[in-house]
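Undergrad: Have a look at this prediction, sequence included:
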Amino acid sequence: MTDSALDTLLTRYSVGPKHLVEPGPDDAQLALMAQAALRAPDHAELVPYRFKLVRGAAKQAMADLFADAAREAGKGEDGAALDAERALRPPVTVAVIARIDLGHPQVPAHEQWAALGGAVANFLTAAHALGFGGKMLSGAKVRHPAIAAAFCAPGETLVGWIALGTPARKPSGLARKPSATDVMQDWHPPCKP
Ligand SMILES: Cc1cc2nc3c(=O)[nH]c(=O)nc-3n(C[C@H](O)[C@H](O)[C@H](O)COP(=O)(O)O)c2cc1C
């Protein structure tokens, strides 16, 4: 791995929708992000995910869905407008949809979820490498029947949305991460009784 590739990995951070401005990634840049996602480890090459791009006029349709769900949840008109804004603000939103084969003879569900997580991470790192900011978001909306049905075929799960755009500024409070030694130690065999 080149120094710059490692630097890209080590410097990625999420940029929330309120700090994302135009321009968003174009078709070629989005294709690179999808290709990076597909480089993630994936047992038996099941590709247990797919992405749906929400951009242009589709943003208003997603905003309407979000607003309806907010009203249904009793959030009132201010809350509905806030949720609609979440759909409208990012230049591009990428829905992440899981296609987990629960009956696969060789690859249990947790391995397929791991492949999906790796794909999302690679997607976001590619966005960062191309100079874009992004953040994976979910919330109760992913479980709203009308919203889930608008993105998923039967048996699929709406995981959430990646908000994408040009970062207006670095977020003030970056997520705190543990040190490498907190997550990686030498393994020692258990003591025999
Ligand atoms: C599947 C998934 C769903 C997430 N949903 C939310 C969310 O709804 N709201 C939120 O603030 N962060 C959410 N996050 C976390 C952020 O995307 C982000 O990773 C976190 O804020 C840490 O920031 P970092 O990526 O800069 O380390 C989610 C992450 C994943 C993987």
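TA: Alright, I've got the coordinates.

Undergrad: what residue ranges in the chain score low on pLDDT?
TA: Within the chain, the set of residues satisfying pLDDT under 70 comprises 1-2.

Undergrad: Up against the ligand, what does it have?
TA: Residues of the chain lying close to the ligand (C-beta under 6 Å from any ligand atom) are Y13, S14, K135, M136, L137, S138, G139, V159, G160, A175. Glycine gets a C-beta too; all of them are placed from N, C-alpha and C.

Undergrad: Which members of these are classed as buried?
TA: Buried subset of these (neighbour count, 16 or more other C-beta atoms under 10 Å): S14, K135, M136, L137, V159, G160.

Undergrad: so of the residues you listed, which ones are in strands?
TA: The subset of these located in strands under the criterion DSSP state E comprises K135, M136, L137, V159, G160.

Undergrad: can I get the residues you listed in JSON lines with distance to L65?
TA: Compiled in JSON lines, these are given as follows (distance: C-beta to C-beta, whole Å):
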{"residue": "K135", "distance to L65": "20"}
{"residue": "M136", "distance to L65": "19"}
{"residue": "L137", "distance to L65": "15"}
{"residue": "V159", "distance to L65": "16"}
{"residue": "G160", "distance to L65": "14"}
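
Undergrad: which one of those is nearest P108?
TA: Minimum separation from P108 among those (C-beta to C-beta) is found for V159, which lies at 17.9 Å.

Undergrad: Can you classify the closest residue in space to that closest one that isn't next to it in sequence as helix, strand or coil?
TA: The spatial neighbour of V159 that comes closest, neighbours along the chain excluded (C-beta to C-beta, 6 or more residues apart in numbering), is V96 at 4.3 Å. When states are read from DSSP: H, G, I helix; E, B strand; the rest coil, the local structure at V96 comes out as strand.

Undergrad: what are the bridge partners for V96, then?
TA: The residues paired with V96 through beta bridges, assigned by DSSP bridges, are F51, G160.

Undergrad: looking at it, it is touching A163, isn't it?
TA: No. Taking contact to mean C-beta atoms under 8 Å, the distance of 11.4 Å between V96 and A163 leaves them out of contact.

Undergrad: All good on my end, thank you.
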